[in-house]
Structures are given as C-alpha cells and as structure tokens.
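1. Show me how the following folds:
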Amino acid sequence: MSAFVSWIAFGLALACGVSLFLSRNWRWILGCLAGQYLALFLLVQITLPLSSAAAKLVTGWMASTILAIAQMNTGQVEKSETNWPQGQWFRVLTSGIVLLVTLALAQRSLDLLGISLPAAWTGFFLIGIGLLQLGVTGQPFRVVLGLLTTLSGFEIVYAGVENSALVTAFLVVINLGLAMAGSYFLAPLEEGA
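-> Just a heads-up that it's a prediction; the model follows:
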C-alpha cells in the first residue's frame, strides 16, 4: 500500500511542481504549493512518525495561507520581467530537462541514500524545479516559491535519511520564516512613513 501512495505522491508533486513553474495566476500557484505539501506529507509519513509528517503538512499549508493573504493585500498584478526568458515553451522545455536530469540522478543515488525510488525522484525533482524557478525570476513572490519548493524537495530526501524531531522543528521554522519574509517583501510600501 505504501508503494502505491508513494507513486501517487510522485505524480501529485510532478503536476504541482510543473504547474507552479508554468502558471501566472497567483491563486492557482498557491493551490499548487498546497498540493506540493500534500505530496510531501504522503511521502514522508512512510518514514517519519505521523505527527512529524502532519507538522510538515500543516506548516506548508500555513505558508501557503500567509503568502495568499499577503498577495491579496498587495492587489498587484505580476509584472513581466523582460530580461528573463518568459515563453511557455521555454518553461515546458526546461521543466522536461529538469525531470530527465532528476530521474537519472535519483537512479544513481538510491544506493547512497537508501531511500525509495519515488521519494528520490520526487525530492530531486522538487529541488531541481525550485532551483529553476530561482534561476529565471527576480520577483519576491516567485523567489519565495522557488525557495519553498527547493526546501520541500530537501525535506523529502532528508526524511528518508534521518528521522529527527529537532530537524523537523527546524525545517518548520525555516518554512514559516520564508513565508513571513515573502509576505513582508510583497507588502506595498507606505508613502510618507
């Protein structure tokens, strides 16, 4: 049963990661971020205690909510960055390249890390798509999404290697801190203050 759940989580993370990178609608993006944390929960609950896995899920959903509230309060439309590649086909092609590279990397790292194949694929894919997101944008909202996605991939890989409540708590603080910092950078500056 856990193998089936792992493959479902891999499919969910794949769909959410690519959609998060391709989409321009912030509501859709934050829904994909919440789905990505659901996939993280499904993968880490196999190796971590249920309470630690649930803490990761709740933290991810809290981070999504914090960013949603900040985005609603800005009322800004996402600006186009003319110096970065913005075409949909470019983004689809680079997402495919990230997927192929991570599939090859995960195959080679199974013996070294000792984690399941779906967890390795999902973790490395989220790390790759998050780094790609960071590489093609300078907007604070997109940068925070890239950091949260990269951290989600790291959490999946690390959960298979080490089971530590202290590290789980530390990652919870980092996730919430990134969301809070992102909401700060999204807030419009007050005139004359």
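2. Please enumerate the helices of this protein.
-> With helices called from DSSP state H, the chain shows them at 2-22, 26-44, 50-74, 88-113, 117-135, 140-161, 165-186.
3. Below-threshold pLDDT in the chain: ranges please.
-> Confidence mapping of the chain against pLDDT under 70 gives the ranges 1, 75-86, 188-193.
4. Let's check: the centremost residue of it is which one?
-> Thr149 (2.0 Å; C-alpha atoms, centre = their mean).
5. so that one sits right up against Gly130, yeah?
-> Yes: if you go by C-beta atoms under 8 Å, Thr149 and Gly130 touch, sitting 3.3 Å apart. From N, CA and C alone the C-beta is placed, and that goes for glycine too.
6. overlap in contacts of the two?
-> Common neighbours of Thr149 and Gly130 (criterion: C-beta atoms under 8 Å, 6 or more residues apart in numbering): Gly17.
7. Quick check: the nearest residue to Phe124 once chain neighbours are set aside vs Val144, distance?
-> Nearest residue to Phe124 in three dimensions, chain neighbours excluded: Thr102, at 4.0 Å (C-beta to C-beta, 6 or more residues apart in numbering). As judged by C-beta to C-beta, to the nearest Å, Thr102 and Val144 stand 22 Å apart.
8. which one of the two has more residues nearby?
-> Val144 (25 against 21; other C-beta atoms under 10 Å).
9. give me every residue that touches that one.
-> Here Val144 is in contact with 67, 178-179, 181-182, 185 (C-beta under 8 Å, 6+ apart).
10. quick one: which of those is nearest Phe170?
-> Taking C-beta to C-beta as the measure, Leu178 is the one of the contacts of Val144 closest to Phe170, at 12.8 Å.
11. so that closest one makes contact with Ala63?
-> Yes: between Leu178 and Ala63 a contact is recorded at 7.0 Å, counting by C-beta under 8 Å.
12. and for those two, which residues touch both?
-> Both Leu178 and Ala63 are contacted by Leu148, under the criterion C-beta under 8 Å, 6+ apart.
13. Give me the more crowded residue out of these two.
-> Ala63 (28 against 19).
14. ok, now how distant is that one from Ala104?
-> For Ala63, the distance to Ala104 - C-beta to C-beta - is 30 Å.
15. Likewise for Ile29?
-> In terms of C-beta to C-beta, Ile29 sits 28 Å off from Ala104.
16. When these two are compared, which one has more neighbours?
-> For the pair Ile29 and Ala104, the greater number of neighbours falls to Ile29 (24 against 11), based on other C-beta under 10 Å.
17. so that one makes contact with Leu22?
-> No: with contacts defined as C-beta under 8 Å, Ile29 does not count as touching Leu22, sitting 9.5 Å away.
18. what residues do those two have in common as contacts?
-> Counting by C-beta under 8 Å, 6+ apart, Ile29 and Leu22 have no contacts in common.
19. separation between Gly138 and Ala68?
-> Using C-beta to C-beta, Gly138 is found at 21 Å from Ala68.
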